[in-house]
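Trainee: one predicted model, sequence on top.
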Amino acid sequence: MHVISASRRTDVPAFHAEWFMERVRSGGVAVVSPFGGGVREVSLLPEDVIALVFWTKNARPVLPYLDELARREYSFTFLYTINNYPPALEPRVPPATHSLETVKDLRRRFAGPVIRWRYDTLVLTETMDKTWHIRNFRYLCDLLAPYTAECIFSFCDYYRKTVRNMDRLVPDYRRPDDALCREIAEEMGEIAEERGIALASCAHDFLVSSRVKKARCIDPEVLVRLVHTQQKRDAVQALRTAPTRKECGCAASRDIGAYDTCLHGCVYCYANTDPDRAARNLAAVSLDRHSLDPRYRASGTET
């Protein structure tokens, strides 16, 4: 049994919901490794899936399919990123008010830890400084406190493609030093705590404190509250820790996404080389193909 991560590499609920359901109904998906290009078959049969973990900035397109997933006896949770950033950083992400309505819908329909909020990734610019982020975070906490008990956050990691895109599109960005990161995290922790939200730092252990815990995005403590059978509870307990990067606290999962297939266009995103490539790749994805990755589609292999 395995946990399905959908996905760190792209926004499956926002842009690939129909494709995802086609793969669920077929019982499996071919996943192309981003490191070397090998293809691995991953079972999506309900008896093989402990739970589905959706990563998204817009869950609205997948909502019509959730009742079907529940009937098929899948458990699921959403790692829902809501940043309330300006279009210069997140050109095609829905506004926070839209996200709030989707969150309300999810909480109304499904019990348990279905919503785990992410304030991620935290980017500073000349105008989006510490004061801006504290004000913005307080506003979002006030909106979301009735619907979630957790907020996972991280500061931007400046990979080469991230730097290239930021230099080109957001030239006034600033890389905060550790001291400033700690100051911001502690103030966020106080704001979250006052509203009953547990704040957790993703892959930045130097920020962990009495107010900030270590995040586990794929978290057995959450998953065990989602699943409905003893067999799956036992499978959750057997999950090993499998970091995806330094100081990551995640348990093992199988990611079924592909890089460069998300149209949100977030400038800071590590998962897209550039927005134009993502648009071309998304256009190449066909529903009758086994894999989301256009490299696999181009091979001519069909379901």
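Mentor: Structure received.

Trainee: all helices for the protein, in order.
Mentor: According to DSSP state H, the chain carries its helices in the segments 12-15, 17-26, 66-71, 96-109, 130-144, 160-169, 178-194, 220-226, 230-237, 275-284, 294-297.

Trainee: where does this structure have low pLDDT?
Mentor: Low-confidence segments of the chain (pLDDT under 70): 275, 285-289, 296-303.

Trainee: next up, the contacts around the spatially most central residue of it.
Mentor: For the chain, Trp55 is the residue whose C-alpha lies nearest the centre (C-alpha atoms, centre = their mean; 2.8 Å). Applying C-beta atoms under 8 Å, 6 or more residues apart in numbering, one finds that Trp55 lies in contact with Ser5, Ala6, Ser7, Arg8, Asp11, Val12, Phe78, Leu79, Thr81. For the C-beta atoms, the positions are set from N, CA and C on the backbone; glycine is no exception.

Trainee: what sits closest to the third one if chain neighbours are left out?
Mentor: Residue nearest to Ser7 in three dimensions, not counting chain neighbours: Gly257, with 2.6 Å by C-beta to C-beta, 6 or more residues apart in numbering.

Trainee: so that neighbour sits against Ala14, correct?
Mentor: No - under the criterion of C-beta atoms under 8 Å, Gly257 lies out of contact with Ala14, with a separation of 11.6 Å.

Trainee: give me the common contacts of those two.
Mentor: Once C-beta under 8 Å, 6+ apart is applied, it turns out that Gly257 and Ala14 contact no residue in common.

Trainee: what is the neighbour count of Pro220?
Mentor: Burial of Pro220, expressed as a neighbour count using other C-beta atoms under 10 Å, amounts to 21.

Trainee: and it, what does it touch?
Mentor: Listed by C-beta under 8 Å, 6+ apart, the contact partners of Pro220 are Val236, Gln237, Leu239, Ala251.

Trainee: surely the first one is in contact with His2?
Mentor: No - shown here, Val236 and His2 do not form a contact pair, counting by C-beta under 8 Å, at 10.9 Å.

Trainee: list the buried residues in stretch 239-258.
Mentor: Buried residues in stretch 239-258, counted by 16 or more other C-beta atoms under 10 Å: Leu239, Cys248, Gly249, Cys250, Ala251, Ala252, Ser253, Arg254, Asp255, Ile256, Gly257, Ala258.

Trainee: hmm, I typed the wrong one, I wanted stretch 262-282.
Mentor: Neighbour-count burial for stretch 262-282, counted by 16+ other C-beta under 10 Å, picks out 262-272, 274-275, 278-279, 281-282.

Trainee: next one: stretch 174-187
Mentor: Pro176, Cys181, Arg182, Ile184, Ala185, Glu186, Glu187.

Trainee: give me the contacts around that stretch.
Mentor: Stretch 174-187 is contacted from outside by 122, 124-126, 129-130, 133-134, 153, 155-156, 158, 199, 201, 204, 206-207, 209, 211-212, using C-beta under 8 Å, 6+ apart.

Trainee: for it, list the C-alpha coordinates in CSV.
Mentor: The C-alpha atoms that make up stretch 174-187 are tabulated as CSV, following Å, rounded to 0.1, in the frame of the first residue of the first chain:
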residue,chain,number,x,y,z
ARG,A,174,15.0,40.1,-1.4
ARG,A,175,16.6,37.1,0.2
PRO,A,176,16.1,37.4,3.9
ASP,A,177,18.8,36.3,6.3
ASP,A,178,18.2,33.7,9.0
ALA,A,179,17.6,36.4,11.7
LEU,A,180,14.8,38.0,9.7
CYS,A,181,13.3,34.6,8.9
ARG,A,182,13.2,33.8,12.6
GLU,A,183,11.6,37.2,13.4
ILE,A,184,8.8,36.7,10.9
ALA,A,185,8.2,33.1,11.9
GLU,A,186,7.9,33.9,15.6
GLU,A,187,5.4,36.7,14.9
